[in-house]
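Enquirer: Predicted structure and sequence below. I'll ask about it afterward.
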Amino acid sequence: MTRVLTHFQTNGDGAHVVVIDPDDQTPEIAAKRAIASIIAGTQAIFVGGSTAVDGTPVHDTVIAIKEAIELCRWNSTQDSESDEEKWDVPVLLFPAGARALSPAADAITYMSLMNSRNLQFVMGEQVIGAPIVEKMGIEAIPMGYIVFAPGGKVGAVGEANLIESDDIDGAVAYALAAKMLGFKMVYLEAGSGVDRPVNPRIVHAVREAIPELVLIVGGGMRSGELAQAAVRAGADWIVTGNLTEEYDDASELENVMREYIQTMRE
Ligand code: 1GP
């Protein structure tokens with residue numbers, strides 16, 4: 001079962017993911033933001049944050065988003081001019097740990113924080129979560145998660161040995177290790193809300209080193225121009241979190257995200 005992985009492999013080259021932190025908003029608001037983003041062109045939703053959360057807000061948030069997407073899909077079937085495929089947007093767990101799980105999700109980014117000093121984030125939570133995910137029967141997509149300076153909260157909480165923004169050899173070595181370990185996706189993370197996203201030169205070098213893996217880049221991608229630089233350097237998918245959470249008004253968010261995604265793809 002690799003349906004969601006296929007979605008990531010075939011829609012890359014300038015696609016957009018919204019990451020929603022269940023601790024920052026109610027499930028209803030999360031669903032509204034997800035829908036506004038999808039109308040604007042977002043093609044996947046990650047649910048999860050960098051702090052350990054208990055499973056309930058994660059589960060409620062996943063359910064609210066999934067129900068809202070299904071409702072929009074149904075509405076689109078009633079309208080001959082609207083495109084039902086637009087709603088083929090998977091909701092993935094992007095968990096901080098083994099407690100942040102929900103069986104309602106379409107898939108889970110089964111990730112290892114490769115450059116953490118703490119074994120718990122490299123393999124510990126993964127071992128605790130594996131029997132739970134197996135029982136839930138959701139698709140697990142193996143992902144190497146690599147945190148760069150400045151790193152933000154995830155760099156600190158995840159006890160990462162941050163990779164400096166000019167350390168191209170270091171970044172490439174991690175990316176190659178991710179490939180050799182069998183990961184299908186690699187996520188280059190600079191940290192949520194940071195003022196310096198991952199250096200496009202690093203994105204480019206990693207892209208060249210692992211052309212067959214899905215390459216995701218996030219952290220501090222505040223503008224369409226920054227996202228465009230990462231896409232031109234070879235990123236398949238760009239993630240934004242904070243940007244989405246700045247707007248309470250759905251139509252305002254939709255306009256901002258539409259412009260962002262358009263610029264990103266130019
Ligand atoms: C978090 O990389 C993401 O994992 C999102 O970062 O909040 O800065 O968009 P931002």
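Expert: Thanks, I have the structure now.

Enquirer: Show me what secondary structure element comes after whichever strand or helix holds residue 133.
Expert: Assessed by DSSP states H and E, residue 133 sits inside helix 125-136. Remark: after helix 125-136, the chain's next helix or strand is strand 139-147, criterion DSSP H and E.

Enquirer: Quick one: distance of that following strand to the chain centre.
Expert: 10 Å (C-alpha atoms, centre = their mean, to the nearest Å).

Enquirer: pLDDT at the residue in the stretch 51-200 of the chain positioned nearest to the ligand, what is it?
Expert: Nearest residue of the stretch 51-200 of the chain to the ligand: residue 192, at 3.5 Å (C-beta to the nearest ligand atom). C-beta coordinates here come from the backbone N, C-alpha and C atoms, glycine included. Looking at residue 192, its pLDDT is 95.

Enquirer: what's near enough to touch it?
Expert: Contacts for residue 192 (C-beta atoms under 8 Å, 6 or more residues apart in numbering) come out as 19, 50, 152-154, 218-220, 241-242.

Enquirer: Please repeat the previous calculation with a cut-off of 7 Å.
Expert: Neighbouring residues of residue 192 by C-beta atoms under 7 Å, 6 or more residues apart in numbering: 50, 152-154, 219, 241-242.

Enquirer: Over to residue 15?
Expert: 43, 236-237.

Enquirer: Let's see that with 6 Å instead.
Expert: 43, 237 (C-beta atoms under 6 Å, 6 or more residues apart in numbering).

Enquirer: Equivalent analysis for residue 64, please.
Expert: Contacts for residue 64 (C-beta under 6 Å, 6+ apart) come out as 27, 31.

Enquirer: again, only this time at 10 Å
Expert: Residue 64 makes contacts with 20, 22, 26-32, 34, 47, 91, 104, as judged by C-beta atoms under 10 Å, 6 or more residues apart in numbering.

Enquirer: What does the pLDDT read for it?
Expert: Residue 64 is given a pLDDT of 97.

Enquirer: Can you mark which positions in the lengthiest helix in the chain are buried?
Expert: The longest helix of the chain (DSSP state H) is helix 55-77. Using 16 or more other C-beta atoms under 10 Å as the test for burial, helix 55-77 gives 57-66, 68-69, 72-73, 76.

Enquirer: and the angle for it with helix 125-136?
Expert: 50 degrees (axes from the mean of the first three to the mean of the last three C-alpha atoms, to 10 degrees).

Enquirer: now helix 55-77, how far from the centre of its chain.
Expert: 17 Å.

Enquirer: Quick check: what element follows it along the chain?
Expert: strand 91-93.

Enquirer: returning to that earlier point: I'd like the contacts of residue 64 as TSV, with secondary structure, pLDDT and distance to the ligand appended.
Expert: Below are those laid out as TSV (DSSP: H, G, I helix; E, B strand; the rest coil; pLDDT from 0 to 100; distance: C-beta to the nearest ligand atom, whole Å):
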residue	secondary structure	pLDDT	distance to the ligand
20	strand	96	10
22	coil	92	14
26	coil	93	19
27	helix	94	19
28	helix	96	21
29	helix	96	16
30	helix	96	14
31	helix	97	19
32	helix	97	18
34	helix	98	15
47	strand	96	12
91	strand	98	16
104	coil	95	21
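
Enquirer: could you dump these to JSON lines with neighbour count?
Expert: What follows is the contacts of residue 64, written out as JSON lines (neighbours: other C-beta atoms under 10 Å):
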{"residue": "20", "neighbour count": "29"}
{"residue": "22", "neighbour count": "24"}
{"residue": "26", "neighbour count": "13"}
{"residue": "27", "neighbour count": "21"}
{"residue": "28", "neighbour count": "12"}
{"residue": "29", "neighbour count": "16"}
{"residue": "30", "neighbour count": "26"}
{"residue": "31", "neighbour count": "23"}
{"residue": "32", "neighbour count": "20"}
{"residue": "34", "neighbour count": "25"}
{"residue": "47", "neighbour count": "30"}
{"residue": "91", "neighbour count": "23"}
{"residue": "104", "neighbour count": "20"}
